[in-house]
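Asks: Build me a model:
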Amino acid sequence: MPAGRAWTLPERARWKELWSSPQACCWDESAAGIVGVVITYEQAVYSGSASAWMAQELRHASAALGLTPASMSALGWAIEDE
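Replies: Below you'll find the predicted structure:
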(Lines give C-alpha, C1' and ligand atoms only; values in the text may rest on other atoms or scores of the structure.)
Protein backbone atom coordinates (compact mmCIF):
# COMPACT_ATOMS: atom_id res chain seq x y z
CA MET A 1 0.00 0.00 0.00
CA PRO A 2 1.20 3.55 -0.58
CA ALA A 3 3.44 4.90 2.16
CA GLY A 4 2.66 8.09 4.01
CA ARG A 5 -0.15 7.07 6.33
CA ALA A 6 -1.28 4.26 8.59
CA TRP A 7 -3.82 2.00 6.87
CA THR A 8 -6.59 0.41 8.94
CA LEU A 9 -7.46 -3.27 8.74
CA PRO A 10 -10.66 -2.59 6.73
CA GLU A 11 -8.64 -0.43 4.32
CA ARG A 12 -6.08 -3.22 3.94
CA ALA A 13 -8.91 -5.67 3.24
CA ARG A 14 -10.34 -3.31 0.62
CA TRP A 15 -6.87 -3.02 -0.96
CA LYS A 16 -6.72 -6.80 -1.34
CA GLU A 17 -10.29 -6.87 -2.66
CA LEU A 18 -9.60 -4.24 -5.32
CA TRP A 19 -6.34 -5.86 -6.43
CA SER A 20 -8.21 -9.19 -6.69
CA SER A 21 -10.98 -7.69 -8.84
CA PRO A 22 -11.29 -8.58 -12.52
CA GLN A 23 -10.33 -5.00 -13.42
CA ALA A 24 -6.98 -5.30 -11.62
CA CYS A 25 -5.58 -7.48 -14.41
CA CYS A 26 -5.48 -4.27 -16.49
CA TRP A 27 -3.62 -2.22 -13.86
CA ASP A 28 0.08 -2.03 -13.17
CA GLU A 29 2.05 -0.65 -10.23
CA SER A 30 1.31 2.90 -11.36
CA ALA A 31 -2.33 2.39 -10.32
CA ALA A 32 -1.37 1.94 -6.66
CA GLY A 33 -1.78 5.63 -5.86
CA ILE A 34 -5.22 5.81 -7.44
CA VAL A 35 -6.30 2.64 -5.63
CA GLY A 36 -5.11 4.25 -2.39
CA VAL A 37 -7.14 7.38 -3.18
CA VAL A 38 -10.25 5.30 -3.84
CA ILE A 39 -9.86 3.51 -0.52
CA THR A 40 -9.22 6.74 1.40
CA TYR A 41 -12.18 8.55 -0.12
CA GLU A 42 -14.48 5.55 0.22
CA GLN A 43 -13.77 5.44 3.94
CA ALA A 44 -14.44 9.19 4.23
CA VAL A 45 -17.75 8.79 2.39
CA TYR A 46 -18.79 5.82 4.53
CA SER A 47 -17.87 7.62 7.76
CA GLY A 48 -19.74 10.75 6.75
CA SER A 49 -16.62 12.93 6.86
CA ALA A 50 -16.19 13.36 3.09
CA SER A 51 -16.59 16.73 1.49
CA ALA A 52 -18.36 17.15 -1.84
CA TRP A 53 -15.03 17.39 -3.67
CA MET A 54 -13.86 14.13 -2.06
CA ALA A 55 -17.00 12.36 -3.26
CA GLN A 56 -16.44 13.78 -6.74
CA GLU A 57 -12.80 12.71 -6.75
CA LEU A 58 -13.86 9.23 -5.62
CA ARG A 59 -16.19 9.06 -8.59
CA HIS A 60 -13.41 10.12 -11.00
CA ALA A 61 -10.81 7.78 -9.49
CA SER A 62 -13.25 4.85 -9.56
CA ALA A 63 -13.99 5.58 -13.20
CA ALA A 64 -10.29 5.78 -14.03
CA LEU A 65 -9.84 2.28 -12.61
CA GLY A 66 -12.86 0.90 -14.45
CA LEU A 67 -14.74 0.15 -11.24
CA THR A 68 -18.16 1.31 -12.43
CA PRO A 69 -20.35 -0.22 -15.13
CA ALA A 70 -20.23 3.01 -17.16
CA SER A 71 -16.44 3.24 -16.99
CA MET A 72 -16.05 -0.43 -17.88
CA SER A 73 -18.20 0.18 -20.94
CA ALA A 74 -16.23 3.30 -21.88
CA LEU A 75 -12.98 1.33 -21.59
CA GLY A 76 -14.41 -1.49 -23.70
CA TRP A 77 -14.14 -3.95 -20.81
CA ALA A 78 -16.59 -6.73 -20.07
CA ILE A 79 -16.48 -9.34 -17.34
CA GLU A 80 -17.40 -12.73 -18.71
CA ASP A 81 -19.67 -15.05 -16.78
CA GLU A 82 -17.98 -18.17 -15.53
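Asks: Pull out the buried residues from the top helix by length along the chain.
Replies: Determined from DSSP state H, the single longest helix within the chain is helix 32-47. For helix 32-47, the neighbour count (16 or more other C-beta atoms under 10 Å) marks 34-44 as buried. For every residue, glycine as well, the C-beta is placed using N, CA and C.
Asks: From those, pick the one nearest Cys25.
Replies: Cys25 lies nearest to Val35 out of these, by C-beta to C-beta, at 13.7 Å.
Asks: Quick one: residues contacting that closest one.
Replies: The contact partners of Val35, by C-beta atoms under 8 Å, 6 or more residues apart in numbering, come to 15, 18-19, 27, 65.
Asks: Pipe the residues you listed into JSON lines and attach distance to Met1, pLDDT and secondary structure per row.
Replies: Shown next, in JSON lines, are the contacts of Val35 (distance: C-beta to C-beta, whole Å; pLDDT from 0 to 100; DSSP: H, G, I helix; E, B strand; the rest coil):
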{"residue": "Trp15", "distance to Met1": "5", "pLDDT": "97", "secondary structure": "helix"}
{"residue": "Leu18", "distance to Met1": "11", "pLDDT": "97", "secondary structure": "helix"}
{"residue": "Trp19", "distance to Met1": "10", "pLDDT": "97", "secondary structure": "helix"}
{"residue": "Trp27", "distance to Met1": "14", "pLDDT": "95", "secondary structure": "coil"}
{"residue": "Leu65", "distance to Met1": "15", "pLDDT": "96", "secondary structure": "coil"}
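Asks: other SSEs contacting the worst-scoring helix or strand of the chain on mean pLDDT?
Replies: Every helix and strand in the chain was compared by mean pLDDT, DSSP states H and E; the lowest is helix 69-75, with a mean of 91. Applying 3 or more C-beta pairs under 8 Å, 6 or more residues apart in numbering; DSSP states H and E, we find helix 69-75 packed against helix 52-64.
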